[in-house]
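Chemist: sharing a model prediction with you, sequence too.
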Amino acid sequence: MRRPRVARRSLLAVVGVVAVGSLAAVGLGLLPSTSSAADGGASPSASSSPDRRTATVAKKTMTIEETLDGTIGYEGGREVIGNLAGTLTRLPDEGAVIGRGGRLYEVDGKGRAILMYGSRPAWRTLDADASDGADILQLETNLKALGYTRKGDHINRHWDADTTRAVKRWQKAAGLPRDGRVDLGEVVFLAGPIRVTDEPVGLGSRVGPGGVVLQGTSDQRVISVDLAADRADLVAEGDTVTVTLPDGTETQGTITDEGTVATAGDEQPGGGRSTPTITITIGLTDPKASAAYESAPVDVSVVRESRADVLAVPVNALLALIEGGYAVERVEADGSTKLVRVDLGIFQDAWVEIRGTGIAAGDSVVVPS
């Protein structure tokens with residue numbers, strides 16, 4: 001009785017990751033083989049060449065990755081609302097990063113707005129007559145961080161003599177009138193450093209309380225990805241991703257925010273709109289890796305599926321069975337070979353996950369030359 005014939009398929013090099021079921025997409029060439037896989041199991045093979053090439057069945061972690069389009073930028077938007085009245089006589093350069101204690105702008109050649117960190121904006125003049133409040137605590141916390149308090153000073157919501165002395169030390173260093181009080185406008189509280197991106201008013205302009213003097217972002221480098229809202233389950237906060245920079249180098253990142261508000265899609269020719277998107281934010285493990293780029297497109301690779309400790313063989317070790325399905329040609333202890341029918345899983349880097357009875361890690365399988 002004739003055994004069912006099989007055809008050995010020689011798979012061309014796999015570039016990137018190929019999903020299960022797309023075997024035809026990697027280019028198959030058929031070569032005749034006299035081996036068979038009767039009854040869906042292992043069966044003897046006539047192949048017994050001493051110079052044949054073999055590979056070892058390995059245990060691997062196999063993954064399917066997907067590449068998304070991202071953009072390097074800076075996180076968050078920030079505004080400096082002025083509370084000093086006068087003529088603008090000094091502004092920072094666009095692109096400048098101003099941190100705690102830095103000068104934001106100047107009016108009339110002497111009035112200076114200094115950046116300090118805090119979640120509440122300044123709303124009053126602070127001095128020894130001020131009632132207790134969160135703004136006093138913010139001020140004292142910043143004075144301590146800048147080195148103007150002394151050991152034993154109380155950092156709290158109350159203004160005391162120690163606060164006055166610390167304020168005078170700071171004012172002397174900052175070039176402000178050394179009067180021991182903080183007039184409204186002398187301090188601007190922001191969540192952190194500001195990277196200046198726009199100056200709505202120019203030098204020589206008259207400004208007054210409530211106007212926007214500077215606009216910017218934080219100094220934190222991030223990657224933004226606009227992801228189709230119906231694919232939101234592809235990622236989750238805390239996932240690790242690989243970012244490929246324009247020069248081809250790779251760096252790691254972590255998804256820090258998965259947007260929950262979808263943006264309407266763009267209008268399409270002939271009516272209708274494209275799929276709504278959400279914005280995914282990625283923090284870089286090594287922000288310095290992207291320092292050469294102010295803004296640039298990048299590739300973001302996310303893991304769509306991953307399976308650990310699965311059996312895998314080189315893709316070109318697969319045999320395509322005439323009756324359908326696939327097998328590998330296992331080398332026996334005596335040098336003979338047997339076909340073992342296998343089911344396929346994830347393809348990655350010219351390897352393929354296999355599952356089947358009669359095959360184990362460490363087995364040798366025939367690989368065509």
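Modeler: Done, it's in.

Chemist: surely residue 135 is within a helix?
Modeler: Yes - Residue 135: assigned to a helix according to DSSP: H, G, I helix; E, B strand; the rest coil.

Chemist: ok, it touching residue 127?
Modeler: No - counting by Cβ atoms under 8 Å, residue 135 stays clear of residue 127, with 11.9 Å between them. C-beta: built from backbone N, CA, C; applies to glycine.

Chemist: give me the more crowded residue out of these two.
Modeler: With neighbours defined as other Cβ atoms under 10 Å, residue 135 and residue 127 compare such that residue 135 has more, 20 against 15.

Chemist: OK, contacts around the more buried one?
Modeler: 118, 120, 122, 123, 124, 126, 189 (Cβ atoms under 8 Å, 6 or more residues apart in numbering).

Chemist: from the contact counts, what lies against the helix or strand encompassing residue 68?
Modeler: For residue 68, the host element (DSSP states H and E) is strand 58-74. When contacts are defined as 3 or more Cβ pairs under 8 Å, 6 or more residues apart in numbering; DSSP states H and E, strand 58-74 packs onto strand 221-228, strand 296-314, strand 337-348, strand 351-355.

Chemist: how about a cut-off of 10 Å?
Modeler: strand 212-217, strand 221-228, strand 240-244, strand 277-284, strand 296-314, strand 337-348, strand 351-355 (3 or more Cβ pairs under 10 Å, 6 or more residues apart in numbering; DSSP states H and E).

Chemist: pretty sure residue 217 contacts residue 190?
Modeler: No - contact criterion Cβ atoms under 10 Å: residue 217 and residue 190 do not qualify, at 11.1 Å.

Chemist: which neighbours do those two share?
Modeler: Common neighbours of residue 217 and residue 190, using Cβ atoms under 10 Å, 6 or more residues apart in numbering, are residue 78.

Chemist: show me where the stretch 101-250 of the chain has its helices.
Modeler: Here the stretch 101-250 of the chain has its helices, by DSSP state H, counting those that start in this stretch, at 134-145, 161-174.

Chemist: any chance of the ones you listed in a markdown table with distance to residue 277 and mean pLDDT as columns?
Modeler: Formatted as a markdown table, the helices of the stretch 101-250 of the chain follow (distance: least, Cβ to Cβ, whole Å; pLDDT from 0 to 100):
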| stretch | distance to residue 277 | mean pLDDT |
| --- | --- | --- |
| helix 134-145 | 37 | 98 |
| helix 161-174 | 45 | 97 |
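
Chemist: so which of the contacts of residue 135 belong to strands?
Modeler: Judged by DSSP state E, the contacts of residue 135 include residue 189 as members of strands.

Chemist: and the contacts of residue 135, which are buried?
Modeler: 118, 122, 126, 189 (16 or more other Cβ atoms under 10 Å).

Chemist: got a list of what the second one touches?
Modeler: In this structure, residue 122 makes contact with 81, 83, 113, 116, 135, 138-139, 182-189, judged by Cβ under 10 Å, 6+ apart.

Chemist: how about these, which pair is most distant?
Modeler: The span of the contacts of residue 122, defined through Cβ to Cβ, is set by 81 and 139 at 17.7 Å.

Chemist: and the two? Which one has more around it.
Modeler: Ranked by neighbour count (other Cβ under 10 Å), residue 81 and residue 139 place residue 139 first, with 25 against 15.

Chemist: gap between the more buried one and residue 221?
Modeler: 30 Å (Cβ to Cβ, to the nearest Å).

Chemist: separation between residue 201 and residue 299?
Modeler: 40 Å.

Chemist: please apply the same query to residue 75.
Modeler: 20 Å.

Chemist: between the two, which is the more surrounded one?
Modeler: residue 75 (18 against 15).

Chemist: contact partners for the residue lying closest to residue 353 once chain neighbours are set aside?
Modeler: Counting by Cβ to Cβ, 6 or more residues apart in numbering, residue 345 is the residue found nearest to residue 353 once chain neighbours are left out, at 3.1 Å. Counting by Cβ under 10 Å, 6+ apart, residue 345 touches 20, 62, 64, 305, 307, 310, 311, 312, 352, 353, 354, 355.

Chemist: kindly report the same for residue 281.
Modeler: 70, 73, 75-76, 220, 222-225, 237, 253-259.

Chemist: overlap in contacts of residue 135 and residue 127?
Modeler: residue 182.

Chemist: if we can go back for a sec, reformat the helices and strands packed on strand 58-74 as TSV; add mean pLDDT and distance to residue 93.
Modeler: Compiled in TSV, these are given as follows (pLDDT from 0 to 100; distance: least, Cβ to Cβ, whole Å):
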stretch	mean pLDDT	distance to residue 93
strand 212-217	96	11
strand 221-228	92	19
strand 240-244	94	29
strand 277-284	92	25
strand 296-314	93	21
strand 337-348	94	48
strand 351-355	95	52
